[in-house]
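K.L.:
Below are the sequence and a predicted model; questions follow.
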Amino acid sequence: MQPDPLLIEMQGVGFRQQKTDILQDVDWRMAPGEHWAILGPNGSGKTSLMRVACGYRWHTSGVVRRLGEELIDLVKLRGRLGWVSGEVLQHAPPEESALSFVVSGRFGQMGLRAMGERHVTGGDFADAAQLLEAMGAGALAEKPLRVLSQGERQQVLVARARMTEPLLLVLDEPCAGMDPAARERFLAWLGALMEEPSTPAVAMITHHVEEVLPQFEHALLIGAGRIVSAGATADVVTAESLAATYGVGVARLELHGGRRWPLWGTP
Ligand SMILES: Nc1ncnc2c1ncn2[C@@H]1O[C@H](COP(=O)(O)OP(=O)(O)OP(=O)(O)O)[C@@H](O)[C@H]1O
């Protein structure tokens, strides 16, 4: 039997825009079912890396294979790679229910109101309701988007992205704007979700080291558009590599709850 193709394979990849090298010499492979944390300081190229990886931006040098192919039908690709970003909600009608918004993910839309409901069946609604329920977010179904908390929004965005049964979910800074309690609640939910065998591969972009849950068995550290280190989280997320990448000393890196918490500052 043929092994499943890698989700993403990048070899010597560069991405240059407006005479600026945003990504350089990127070599990275992500296999089906793996969970990766994409870590790095502001402006280091995390989002650009994942955009190029997923075909939302086109690399300017090197080779990118997505699902084993160099050129792949981008429409097909969009359905296999679910992009979860708070920005999506800026385009969603605030009065739309969470359930309708989740249903709209099946059609690659930002809510059903924008598209009319003509293609949507009762089966689509039933699937969306079941998905929300299975993800422990069933209570959100009837709520309008405008009342959802930051954590609930992320839950609904993840559910929306899963309506096409993607092989990879990309979470772009899902904890942005959350206070510590909201963040811990969301991360507990995400960790439990990642334990489910039905959950696809996850790549989470963040600049906060302590958000790297134990379920992220792989980590990629990027600085100034170049991969500093990529591999097993324990090997990648070290005080030395963090200090070098973030440009600030790490006095201590504490392991607590399976997560690494840096105490920034010179020892
Ligand atoms: N289209 C573009 N044209 C020019 N520069 C760009 C473009 N897109 C990104 N950049 C620059 O590339 C660098 C990397 O941006 P990117 O958004 O990938 O970083 P990031 O690590 O995700 O940052 P943050 O954590 O702040 O969101 C930044 O300096 C940004 O200004």
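P.N.:
Sure thing, it's come through.

K.L.:
Count residues in the vicinity of the one residue in the stretch 151-267 of the chain that gets nearest to the ligand, would you?
P.N.:
Using C-beta to the nearest ligand atom, the single residue of the stretch 151-267 of the chain nearest to the ligand is H207, 5.1 Å away. Every C-beta, even on glycine, is put in place using the N, C-alpha and C of the backbone. When neighbours are defined as other C-beta atoms under 10 Å, H207 has 16 of them.

K.L.:
Run a quick check on it versus P41, I expect a contact.
P.N.:
Yes: with contact defined as C-beta atoms under 8 Å, H207 reaches P41; the gap is 5.8 Å.

K.L.:
OK, contacts around A31?
P.N.:
D4, L6, L7, A201 (C-beta atoms under 8 Å, 6 or more residues apart in numbering).

K.L.:
what's the answer for E254, then?
P.N.:
Counted by C-beta under 8 Å, 6+ apart, E254 has contacts R260, W261, P262, L263.

K.L.:
Among the contacts of A31, name the ones in helices.
P.N.:
Counting by DSSP state H, no part of the contacts of A31 is found in helices.

K.L.:
Okay, strands next: where are they in the stretch 151-267 of the chain?
P.N.:
168-172, 201-206, 218-223, 226-232, 250-256, 259-264 (DSSP state E, counting those that start in this stretch).

K.L.:
is it possible to export those strands to JSON lines including mean pLDDT?
P.N.:
Shown next, in JSON lines, are the strands of the stretch 151-267 of the chain (pLDDT from 0 to 100):
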{"stretch": "strand 168-172", "mean pLDDT": "96"}
{"stretch": "strand 201-206", "mean pLDDT": "97"}
{"stretch": "strand 218-223", "mean pLDDT": "98"}
{"stretch": "strand 226-232", "mean pLDDT": "97"}
{"stretch": "strand 250-256", "mean pLDDT": "95"}
{"stretch": "strand 259-264", "mean pLDDT": "96"}
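
K.L.:
if I look at A176, how far off is W58?
P.N.:
Noted for A176: a distance of 26 Å to W58, by C-beta to C-beta, to the nearest Å.

K.L.:
May I ask you to confirm that L242 is in contact with P262?
P.N.:
Yes: if you go by C-beta under 8 Å, L242 and P262 touch, sitting 5.8 Å apart.

K.L.:
overlap in contacts of these two?
P.N.:
With C-beta under 8 Å, 6+ apart as the test, L242 and P262 both reach V209, V250, L253.

K.L.:
Neighbour count: L242 and P262, which is higher?
P.N.:
When neighbours are counted by other C-beta under 10 Å, L242 and P262 differ, and L242 comes out ahead with 25 against 20.

K.L.:
Can you check the pLDDT for that one?
P.N.:
Note for L242: predicted pLDDT of 96.

K.L.:
Now do the contacts for the nearest residue to it once chain neighbours are set aside.
P.N.:
Leaving aside its sequence neighbours, L242 sits nearest to V250 (C-beta to C-beta, 6 or more residues apart in numbering; 5.2 Å). Residues near V250 by C-beta under 8 Å, 6+ apart: A239, E240, L242, A243, P262, L263, W264, G265, P267.
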